[in-house]
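Engineer: Would you be able to build a 3D model of this:
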Amino acid sequence: MSRVNKVKTSEKNEVSSDKLKTEIVSSEDSSVGTTHTRRIVVSFDGSAEELQLGAEVSIPNAAELFAPEYNVAELDEETQQSMQKLDVEKGIVTKMRLMSVYSNVPDSITLSMNLYENNPNIINKEGHLYVPQKSDMGASHVHKQDSYINLASILPYEKGRTSTDIYSPDNVISNKYIESYGGHSLSSLWEGIVPFPNKDYVYVSKDHVVLKVINNNWEMLGMSLDQEKQREGEFVKVQRSVVDSVVQQLYDSVISNIPYTNFKNLSARFQANSPDMGQDYKVVAELSIEYTYPTIKSAE
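Structural biologist: Numbers count the residues shown, from 1 in each chain. Now for the predicted structure:
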């Protein structure tokens, strides 16, 4: 068994935050791609045993913390309409900085966070942090454990640090694709598609995103829907193999690679390989997190 396991820490471990205030709110502030910033402090106060196993520090009010800092009902109509297309319960983290740290632990500490609710293939421009991990299979270096991504190493007895960039995703999908497909999952892509037993075709709802992809790529797919008559006034008949291919490629290439962060479940983890057993320790880290809100609807 691995020596790194998830341990829920006691409630004395704390998270505090500061919101960077916005003086003027407009529709642009609430649009897709607009960057928001929060500074949070995560702290661990517990035993060496907890640290060695990997101590989680939850952020119980994270959904509220990362929500818009203004009352939507008090905004003008244009801004309210802009806000309605956004999912403010999750975000796309675009940069993280370690602002300051404190540790009285005589061992290095790995700070990690469960940034993604999916498993996107993200390149960190600051470099993935690989740390040693021991298990029954031997020693190895890893940059993530379970759903937690390693972000920073805190040195033994470290008492301060100059602001350091620790996460800058280099290959986040463009806002154009997030706006068009960000509200979809693999299961929702099949909604509005009607298969028939033992038939090589399906009926696809006339407004379905799959038809838009087919029309935009008709030369590559070898078919055009311009001359296809609508069935029952709301469906288009499409070859099953084409629909299967479009759905799978759309999910694999775009949707599964949108690095969503679920604010409600966001938490940090502190882990040390060899702290002195039988001791209590304290670790504190201040983080600056920049993020955007994704769209919740596909483009009309």
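Engineer: Help me confirm that A73 is found in a helix?
Structural biologist: Yes - the assignment for A73 is a helix, going by DSSP: H, G, I helix; E, B strand; the rest coil.
Engineer: Number of residues surrounding the residue nearest to V131 when sequence neighbours are not counted?
Structural biologist: Using C-beta to C-beta, 6 or more residues apart in numbering and skipping residues adjacent in sequence, the residue nearest V131 is T110, 4.9 Å away. For the C-beta atoms, the positions are set from N, CA and C on the backbone; glycine is no exception. The number of residues packed near T110 is 24, by other C-beta atoms under 10 Å.
Engineer: and what of N216?
Structural biologist: Counted with other C-beta under 10 Å, N216 comes out at 10.
Engineer: Would you mind measuring from it to L225?
Structural biologist: Distance of N216 to L225, given as C-beta to C-beta, to the nearest Å: 11 Å.
Engineer: S108 too?
Structural biologist: 58 Å.
Engineer: Check E126 too.
Structural biologist: For E126, the distance to L225 - C-beta to C-beta - is 45 Å.
Engineer: Also R269?
Structural biologist: 49 Å.
Engineer: between the two, which one's more packed in?
Structural biologist: Relative neighbour count places R269 above the other of R269 and L225, with 28 against 17, counting by other C-beta under 10 Å.
Engineer: Go ahead and confirm the more buried one touches V131.
Structural biologist: No - R269 lies out of contact with V131 (C-beta atoms under 8 Å); the separation is 12.0 Å.
Engineer: Tell me the strands beside the helix or strand where the residue nearest to V131 lies, with direction?
Structural biologist: Secondary structure from DSSP states H and E places T110 in strand 109-113. Strand pairing for strand 109-113, determined by DSSP bridges: strand 148-154 (antiparallel), strand 267-271 (antiparallel).
Engineer: I'd like the distance from it to the chain centre, please.
Structural biologist: Chain-centre distance of strand 109-113: 17 Å, with C-alpha atoms, centre = their mean, to the nearest Å.
Engineer: now stretch 38-51
Structural biologist: Worked out by C-alpha atoms, centre = their mean, stretch 38-51 lies 22 Å from the chain centre.
Engineer: pLDDT averaged over that stretch, what's the number?
Structural biologist: Averaging pLDDT along stretch 38-51 gives 96.
Engineer: Can you get me a residue count around R38?
Structural biologist: Using other C-beta under 10 Å, R38 has 19 neighbouring residues.
Engineer: Wait, it touches P68, no?
Structural biologist: No - in this structure, R38 is not within contact of P68 by C-beta under 8 Å, at 11.5 Å.
Engineer: Mutual contacts of these two, please.
Structural biologist: Counting by C-beta atoms under 8 Å, 6 or more residues apart in numbering, no residue touches both R38 and P68.
Engineer: Model confidence score at the residue nearest to V131, please.
Structural biologist: So T110 comes in at 96 (pLDDT).
Engineer: Let me see the domain layout of the protein.
Structural biologist: Per the record, the chain has its domains at 7-172+261-292, 183-255, by automatic domain parsing.
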